[in-house]
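Asks: no sequence for this one, just the structure:
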C-alpha cells in the first residue's frame, strides 16, 4: 500500500482548520449549560470530523478510525487514524485562538506520523517517526536555555480525578519556583508541539490522556525534546503522567515533580 505523505495529511488537516475557522464566532457561545455547550460544539465538530475522516480515508483507506477526544486507549495492532478536529473545544467555543486540529497515524500502537495545526496561530507542526519535526515546513528543535528564562506549559485532561488534580496543583508551585513562568496555553498536543519548536520550553501533565497526547509527543520527541513520564521513564500511551523538555532542562523539572510526589505521600 502506498504510504501517505506529511504534505497530504497536512493539507487535509488544514482544510478542516479552514472549515472550523470560518464557523468560529468572534464572541463566546451564548448558552449556559453543559448540554448547550455540547450542542454548540457538535454543530461544528461533527461535520468537521466527517470531512477529515473522508480525506484521510482516501490517503489510507484500510486504516481504522479513533476519535481522539473520546478513545479510551490505543490499539496494539494494525493501522489507525487518531484525530481530534476541535482539540481545545472550550477555547473554540469561547472565541479564543488556542485550539487545534490533530491527526496521528498509528501503526501497531506507535505513532508514525503526526500533524498539529493551529489555524488562528497560522502554525502547522508535523513529524514523521525517524524523520524529525517541522513547523510550517521548516525543521525545529528545542533551544537550550537557563531555567530562569523558561516558560513551561501544563494542563489537565478532562478525565483527571481528584488525586491527579491535587498533584497538578502541588506541582505548579514546585515547577514555578524553578522557571520564569508557567502557563496553560490550551490543548496538550499543541503545547507539546510548541515544546518541540521552543515556543514553550517544557510541558507536564498528570492523568491518563493517551490519545490526545500522541501527536504532540511524537512532534516534541522528533524535534529533540526528552519525553518521559513523571518518573523519568520513556513516555508511552499507557503512562498516566507526562513530562517533555529540552534534555538539559528535563532533569530539574523531573526533580520538581519528584518532590511533589514525595509531598503527596507525606
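Replies: Structure's in. What do you need? Because the structure is predicted, anything quoted here is derived from the model rather than measured.
Asks: buried set for stretch 107-116?
Replies: Neighbour-count burial for stretch 107-116 flags 111, 112, 113, 114, 115, 116 (criterion: 16 or more other CB atoms under 10 Å). Using the backbone N, CA and C atoms, a C-beta is placed for each residue, glycine as well.
Asks: what does the strand or helix carrying the last one rub up against?
Replies: With elements delineated by DSSP states H and E, residue 116 resides in strand 110-118, which encompasses its position. Outside strand 110-118, the residues that touch it by CB atoms under 8 Å, 6 or more residues apart in numbering are 4, 6, 9-10, 13-14, 17, 82, 87, 97-106, 123-129, 189-190, 193, 214-219.
Asks: what do you get if the cut-off is 7 Å, keeping everything else the same?
Replies: Strand 110-118 has contacts (CB atoms under 7 Å, 6 or more residues apart in numbering) with 6, 9-10, 13-14, 17, 100-105, 124-129, 189-190, 193, 214-216, 218-219.
Asks: in strands, which of those residues appear?
Replies: Under the assignment DSSP state E, the contacts of strand 110-118 contribute 100, 101, 102, 103, 104, 105, 124, 125, 126, 127, 128 to strands.
Asks: pull the contacting residues for residue 135.
Replies: 123, 125, 197.
Asks: dump those to CSV, plus neighbour count.
Replies: Listed next are the contacts of residue 135 as CSV, based on neighbours: other CB atoms under 10 Å:
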residue, neighbour count
123, 17
125, 31
197, 23
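Asks: now, which of those sits nearest residue 142?
Replies: Distance to residue 142, by CB to CB, is smallest for residue 197 among the contacts of residue 135, at 7.5 Å.
Asks: and the closest one, what does it touch?
Replies: For residue 197, the contacting residues are 125, 135, 140, 223, by CB under 7 Å, 6+ apart.
Asks: and the longest helix seen in the chain, what's buried?
Replies: Assignment by DSSP state H gives helix 34-59 as the longest helix of the chain. Within helix 34-59, the residues scored as buried using 16+ other CB under 10 Å are 37, 40-41, 44-45, 48-49, 51-53, 55-56, 59.
Asks: show me what that helix is packed against.
Replies: Here helix 34-59 touches helix 6-23, strand 79-87, helix 89-93, going by 3 or more CB pairs under 7 Å, 6 or more residues apart in numbering; DSSP states H and E.
Asks: buried deepest among the ones you listed, which one?
Replies: Among these, the stretch with the highest mean neighbour count (mean count of other CB atoms under 10 Å) is strand 79-87, at a mean of 25.
Asks: can you list the strands that that one pairs with?
Replies: strand 64-67 (parallel), strand 100-107 (antiparallel) (DSSP bridges).
Asks: pull the distance from the shortest one to the chain's centre.
Replies: Strand 64-67 has its C-alpha centroid displaced from the chain centroid by 17 Å (CA atoms, centre = their mean, to the nearest Å).
Asks: report the buried residues of that strand.
Replies: residue 66.
Asks: residues in contact with it?
Replies: Under CB under 7 Å, 6+ apart, the answer for strand 64-67 is 53, 78, 79, 80, 81, 82, 211.
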